[in-house]
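Peer 1: got a predicted structure here, sequence first:
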Amino acid sequence: MNVPEKYLKRIEDFLLPDEKVMIAAAETRLWPCGSLFSPVLIVATNKRIIISRRDVLSISKRYKIISYGDVLDVNVRHGIRYSSIHFGIASRSVESEDTWTRGLRYADMVELAKYVNQMAIAADEGRHRSQADSAAVQRK
């Protein structure tokens, strides 16, 4: 995790009392994607994903918080010039170019993708277990 502490301060207000940052990745490349003044920050905690975007000149900020249970898939692109990641979520049926986060370092993107996949699978297994338990109780 090669993200400066000042970037992580952006999401402190959104962390729950027992939530810990496990992996973080930020846009670092200047060309052709990325941003010098307002890089996108993606944080995977032990509970969810927090994405922080700053608009031009950091005048406004946008945050997206995604539950691991809502992650349908993790898409990655790795090219010569940059790497990108996209989280397919249950509430968004259309994938567009603006939902991709570009300019990530490849190693950070791979680590992030692996962790999010692992947490999404665990959330999905927990949901299936809960449904099976519920069905068993109803049959009794």
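Peer 2: Yep, that arrived.

Peer 1: state the mean pLDDT of whichever strand or helix holds residue 127.
Peer 2: In this structure, residue 127 sits in helix 106-139 according to DSSP states H and E. Averaging pLDDT along helix 106-139 gives 78.

Peer 1: what of stretch 71-80?
Peer 2: Mean predicted lDDT for stretch 71-80 stands at 86.

Peer 1: and the contacts of it?
Peer 2: The contact list for stretch 71-80 (Cβ atoms under 8 Å, 6 or more residues apart in numbering) reads 49, 83-90, 95, 100, 106, 109-110, 113, 116-117, 119-120, 123. In short, each C-beta sits where N, CA and C put it, glycine included.

Peer 1: quick one: the helices in this protein, in order.
Peer 2: 5-8, 106-139 (DSSP state H).

Peer 1: quick revisit: now list the buried members of the contacts of stretch 71-80.
Peer 2: Neighbour-count burial (16 or more other Cβ atoms under 10 Å) applied to these gives 49, 83-87, 89, 109-110, 113, 116, 119-120, 123.

Peer 1: turn the residues you listed into CSV, including distance to residue 62.
Peer 2: Conversion of those to CSV gives the following (distance: Cβ to Cβ, whole Å):
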residue, distance to residue 62
49, 14
83, 22
84, 18
85, 17
86, 16
87, 15
89, 16
109, 21
110, 25
113, 22
116, 20
119, 23
120, 23
123, 24
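
Peer 1: good, wrapping up.
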